[in-house]
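Asks: here is my input; please provide its structure:
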Amino acid sequence: MARAEAKATAPGGYRLEDQVGFHLRRAGQRHAAIFAARITDELTPTQWAALVKLAEFESLSQNRLGRETAMDAATIKGVIDRLLKRAFVATAPDPGDARRMRVSITLIGLAAVERGAPAATVITAETLQPLDAAERRNLLELLKRIG
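Replies: Numbering: from 1, shown residues only. Next up, the predicted model:
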């Protein structure tokens, strides 16, 4: 069967190509592909984010780590579970509140951040490569405002 010609718009005048989500998803897919090709230690973007924040703070409650990395409770728990299996992090009850779990970066995790930081810088540069320096700054500022 021959492929039907696309209409100019969907019902109600809606065009996917005019929607911010469509372009954010495409940009995200491009960034994810660059990230996967370049990052060290076979880390996912969420794992990398958690390790970088833990390298910055050394130890955080799991809840705070989720907030610092913009991940919900279920996502950060899964990320921590996977990092625990690889010995990149360690967990212990919070001494101030036994209901809370503290997550700490291990020496293995810190070494992964040290190995990955140069690649992460290249990943950002490659993702933003089609833009000039002013456009890069503007894009990051705009994304911060809507995020």
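Asks: shouldn't L84 be in contact with M101?
Replies: No - taking contacts as C-beta atoms under 8 Å, L84 lies outside contact range of M101: 10.8 Å. For every residue, glycine as well, the C-beta is placed using N, CA and C.
Asks: who touches both of these two?
Replies: Common neighbours of L84 and M101 (criterion: C-beta atoms under 8 Å, 6 or more residues apart in numbering): T91.
Asks: and these two? which has more neighbours close in?
Replies: M101 (17 against 14; other C-beta atoms under 10 Å).
Asks: sec struct for the more buried one, please.
Replies: Using DSSP: H, G, I helix; E, B strand; the rest coil, the structure places M101 in strand.
Asks: tell me the pLDDT at it?
Replies: Per-residue pLDDT puts M101 at 90.
Asks: check contacts around it.
Replies: Applying C-beta under 8 Å, 6+ apart, the residues near M101 are 61-62, 91-94.
Asks: so which of the residues you listed sit within helices?
Replies: Q62 (DSSP state H).
Asks: so which of the contacts of M101 is the most crowded?
Replies: Q62 (18 neighbours).
Asks: okay, and the beta partners of the nearest residue to that one once chain neighbours are set aside?
Replies: If the residues on either side of it in the chain are set aside, Q62 comes closest to M101, at 4.6 Å by C-beta to C-beta, 6 or more residues apart in numbering. Per DSSP bridges, the residues bridged to M101 are P93.
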